[in-house]
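fold the following, please.
(chains A, B, C and D)
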Amino acid sequence: MTGGEYVAAAYGVVFVFVLVYVAIIAAKLVRLQRDTAELLEIVRRRGEDT
Amino acid sequence: MRYLADVAALTRKDLRVELRAQDTLPAMLLFVLSMLVVFHFALPEGTGEDAAYGLLWVAIVFTALLGLARAWIPEQEHGVFDALVLAPCDRSAIWVGKTVATLAFLVAAQAVALPAFVLFFAPLDGVALAGVLLADVGICAVGSLMAAMAAAGRARELLLPLLLLPLSMPLIVGGVGSAVSTEPERYLLLLALYDGIFAVLSWASFEYVVTES
Amino acid sequence: MSSPFSRIRGLPSLAAFAAGLMGLALLLSFFIAPEDGDQGISQRIFYIHVPIALTAYFCFGLGAWKALLLLWRGGERYDLESYVAIHQGTIFGSLTLITGAIWAKASWGVWWTWDSNQLVLFLTLFLFYCAYFMLRFSLPEGPRRARSSAVYALFGVALIPVSFLAIRLAEDFIHPTTFTRDGPQMTGTMFTAFCVSWAAVTLLAYVLYRVELVGKRLHIDLRELREALE
Amino acid sequence: MIRASGLEKRYGARRVLVGVDLELPRDGFLLVTGPNGSGKTTLLRVIAGLVAPTRGRVEVDVHRGRLGFVAHEPLVYRELTALENLDLFGRLYRVPERRERIGMLLERFGLWEARSERVESYSRGMSQRLALCRAFLHDPDLLVLDEPYSSLDAESAALLDRELAELAGTRALVVSTHDPARVEPLATQRLVLT
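Next comes the predicted model:
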């Protein structure tokens, strides 16, 4: 491995970490969206009952 | 003055409870002695004395961990912890009592283990003994607090070593250094600095760890 | 008086600014800064490794500061902020160890060296803060977990100087360093490249911290909403 | 003495206490009843200051040293004797004429003969009576008793009736119990948790 490849490896790792982090945040957003939809469903159903 | 009276009462209670229960001190003694014997087989022929000092400190830290894992057991049976927290005394006195009692048992176990070490492996001079005592104070002070934190958790036997081992790294450096190095004063200074900083920090934060409101 | 920074308060604009700064940093550290005399191109890892390490310290410091606020002033929000800050600190901590190992391999041909006080100190702190999460997962949710975590976070910050001193003293008897690597002498442009990337990485960490905080607060609000609806 | 408004306590998703309001004067006697798991113990622990409410506020203007607390567990050291336990708490609570007061309480609660035996050799009833001694030791202004009658035999229960009758009106009491009949006449306020 030459010096340049090590530099690429170092920055590459940082880049991958940030991407993985963004992916985790995206997964959380999806879950939050599903939770919100569920709550909306509950409210709507409650709206129809009264 | 009141504070000292509370500390005295709590320390006497810890010593009496432990001497009556008769399970931590004998266990610590046998544990440290068997570790030393195991080290004998673990050290191949050619290794110098320094390795022995290093392993001595591993034995000291793990013996302390054994004692600290049981530190708050008496308080958890019958829920006595609540009674102590409700008492009008300053809650840090509870920590001081427990630290002094645990320190006493650790020193008692070492009173047997260190001569055995000198017999088995290598000599220990006055400075090394001072290093052992200073490190004992540090690990009991921080350990009592960490044990109180872990006590409220689920896997407390697993949690305590994880919490304590990184914190005990400076103690091991100081301890081994005071035994091995040509100019050991610096290491005693490191241990004293550690004790000063972390004993005060533990003393001040104990109340927050055991109360909710 | 609306200085340029007052407009940066919002998270999206903060993120945009961070991205811009990071771009500038990469540009500087790759193209503008001259190549290092003896280490050659591998010295450029320095521009990312050291800023990440300093950012990890920043996150641990932020976590400890929030912990102090929790113990001193009380308030549920500080527990979450301290937790997220230390979470960021651990992520950047692991990045520091990885990029540090790569740098060690490039400069000295070994993936790990006990000679670099920086790396050894970081390993200790990294283990310490991993135990922070073990503590949080072990204790039931509530004021006592918040306070214990806060106290533990404060211990972490106190551990940094003491460990650094211990590691420096440990050098004498564990094994004297075979080669000393004093701080790299930096010419003008190198130093600016370093400072810009330091600022960029710190800002990146702060943005990720804020993003995660928003996510966690949203989760808590939703849980409360759900309980209110039941 | 005690003011609480909109008290709520939640363990994760489970709501143990919801919207509890109460006001107890210095000589009030609050009887707390309700099925298991209705939050009686949690409410008493919140009043004693051992647990922080999730929402709402509780003000108990009594100094910690003037509060007596009895829980499901006796809160004494198993390895110590009755005398040693009470001596420890007597010192921590700065009880004047500690020895005399401990002797009198052990006598009154029928523990005098067993005073030098370790608590681990005590029956459940004896441990409970020792817990009552510990709670009454410093003559507190506020007594928080969580099901004090549990595991007491008929004779001890009658003894506790007399004690409570004597104390009622002279200080604040909060008592939770399963058979409220015994304490009903003394209560000035009632709170039923569901």
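
what's the local residue count around residue A:35?
16 (other Cβ atoms under 10 Å in any protein chain shown). (Each C-beta comes from the backbone N, C-alpha and C, glycine too.)

if you could redo that for residue B:209, that was the one I meant.
21.

ok, it - contacts?
The contact partners of residue B:209, taken as Cβ atoms under 8 Å, 6 or more residues apart in numbering or on different chains, are B:145, B:148, B:149, C:144, C:147, C:148, C:151.

just among these, which is most surrounded?
Highest neighbour count within those: residue B:145, with 30 neighbours (other Cβ under 10 Å).

what are the phi and psi values for that one?
For residue B:145, the backbone dihedrals (degrees, to the nearest 10) come out as phi -70, psi -50.

if we can go back for a sec, export the contacts of residue B:209 as TSV, with columns for secondary structure and distance to residue D:53.
Putting these into TSV (DSSP: H, G, I helix; E, B strand; the rest coil; distance: Cβ to Cβ, whole Å) gives the following:
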residue	secondary structure	distance to residue D:53
B:145	helix	26
B:148	helix	23
B:149	helix	23
C:144	helix	14
C:147	helix	16
C:148	helix	19
C:151	helix	22
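
which of those sit farthest apart?
The largest separation in those, counting by Cβ to Cβ, is between B:145 and C:144 at 13.5 Å.

still on that earlier bit, export the contacts of residue B:209 as TSV, with columns for pLDDT and distance to residue D:156.
Formatted as TSV, the contacts of residue B:209 follow (pLDDT from 0 to 100; distance: Cβ to Cβ, whole Å):
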residue	pLDDT	distance to residue D:156
B:145	96	40
B:148	95	34
B:149	94	38
C:144	90	34
C:147	94	39
C:148	95	39
C:151	96	42
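
ok, of those residues, which one's closest to chain A?
Proximity of those to chain A (Cβ to the nearest Cβ) peaks at residue C:148, which lies at 25.7 Å.

look up the closest residue to the closest one, ignoring the ones flanking it.
Excluding its sequence neighbours, the residue lying closest to residue C:148 (Cβ to Cβ, 6 or more residues apart in numbering or on different chains) is residue B:149, at 4.4 Å.

my read: that neighbour touches residue C:147, true?
No. Using Cβ atoms under 8 Å, residue B:149 is not in contact with residue C:147; the gap is 9.2 Å.

now do the helices in chain B.
B:2-21, B:24-42, B:49-69, B:73-76, B:80-86, B:91-120, B:126-151, B:156-180, B:185-210 (DSSP state H).

hmm, I typed the wrong one, I wanted chain A.
Going by DSSP H, chain A shows helices at A:3-49.

for the one residue in it that gets nearest to chain D, which residues are in contact?
For chain A, the residue closest to chain D is residue A:35, as judged by Cβ to the nearest Cβ, at 13.5 Å. With contact taken as Cβ under 8 Å, 6+ apart, residue A:35 is in contact with C:219, C:222, C:226.

roughly how far apart are it and residue C:226?
Applying Cβ to Cβ, to the nearest Å, the value for residue A:35 to residue C:226 is 7 Å.

what's the answer for residue C:139, then?
Distance from residue C:139 to residue C:226, by Cβ to Cβ: 24 Å.

show me what counts as buried in stretch D:150-157.
D:151, D:152, D:156 (16 or more other Cβ atoms under 10 Å in any protein chain shown).

which elements pack onto the lengthiest helix in chain C?
Using DSSP H, we find that the single longest helix of chain C is helix C:188-229. When contacts are defined as 3 or more Cβ pairs under 8 Å, 6 or more residues apart in numbering or on different chains; DSSP states H and E, helix C:188-229 packs onto helix A:3-49, helix C:11-27, helix C:46-73, helix C:76-108.

once you drop chain neighbours, what's closest to residue D:109?
residue D:129 (4.4 Å).

can you count the residues close to the one you found?
Neighbour count of residue D:129, defined by other Cβ under 10 Å: 28.

and it, that's in a strand?
No. Counting by DSSP: H, G, I helix; E, B strand; the rest coil, residue D:129 is located in no strand; its state is helix.

how about stretch D:15-30 and chain B, touching?
No. Between stretch D:15-30 and chain B, judged by Cβ under 8 Å from any Cβ of the partner chain, nothing touches; the nearest distance is 14.2 Å.

contact partners of that stretch?
Contacts for stretch D:15-30 (Cβ under 8 Å, 6+ apart): C:227, D:1-10, D:37, D:39, D:42-43, D:46, D:53, D:56, D:141, D:168-175, D:183, D:186-191, D:193.

kindly recompute the last result at 7 Å.
Contact with stretch D:15-30 is made by D:1-10, D:39, D:42-43, D:168-174, D:186-189, D:191, as judged by Cβ atoms under 7 Å, 6 or more residues apart in numbering or on different chains.

in strands, which of the residues you listed fall?
D:2-10, D:172-174, D:189, D:191 (DSSP state E).

can you list the residues of chain B near chain D?
Contact residues, chain B versus chain D (Cβ under 7 Å from any Cβ of the partner chain): B:5-6, B:9, B:13, B:16-17, B:20-21, B:74, B:77-80, B:82-83, B:85-89, B:212-213.

lowest-pLDDT helix or strand in chain B?
helix B:24-42 (a mean of 88; mean pLDDT, DSSP states H and E).

closest residue of chain D to chain C?
Counting by Cβ to the nearest Cβ, chain D gets nearest to chain C through residue D:52 (4.8 Å).

quick check: which element contains that residue?
Here residue D:52 sits in a region with no helix or strand, counting by DSSP states H and E.

what is the burial count for it?
So residue D:52, with other Cβ under 10 Å, has 16 neighbours.

wait, it touches residue C:76, no?
No. Under the criterion of Cβ atoms under 7 Å, residue D:52 is not in contact with residue C:76, lying 10.6 Å apart.

is it true that residue C:29 lies in a helix?
Yes. The assignment for residue C:29 (three-state DSSP) places it in a helix.

what score does it have for pLDDT?
Reported pLDDT at residue C:29 in the predicted model: 79.

and residue B:15, how close does it get to chain A?
Distance check for residue B:15 against chain A: by Cβ to the nearest Cβ, to the nearest Å, it reads 51 Å.

give the contact list for that residue.
Applying Cβ under 7 Å, 6+ apart, the residues near residue B:15 are B:101, B:104.

repeat that with 6 Å
For residue B:15, the contact set (Cβ atoms under 6 Å, 6 or more residues apart in numbering or on different chains) comprises residue B:101.
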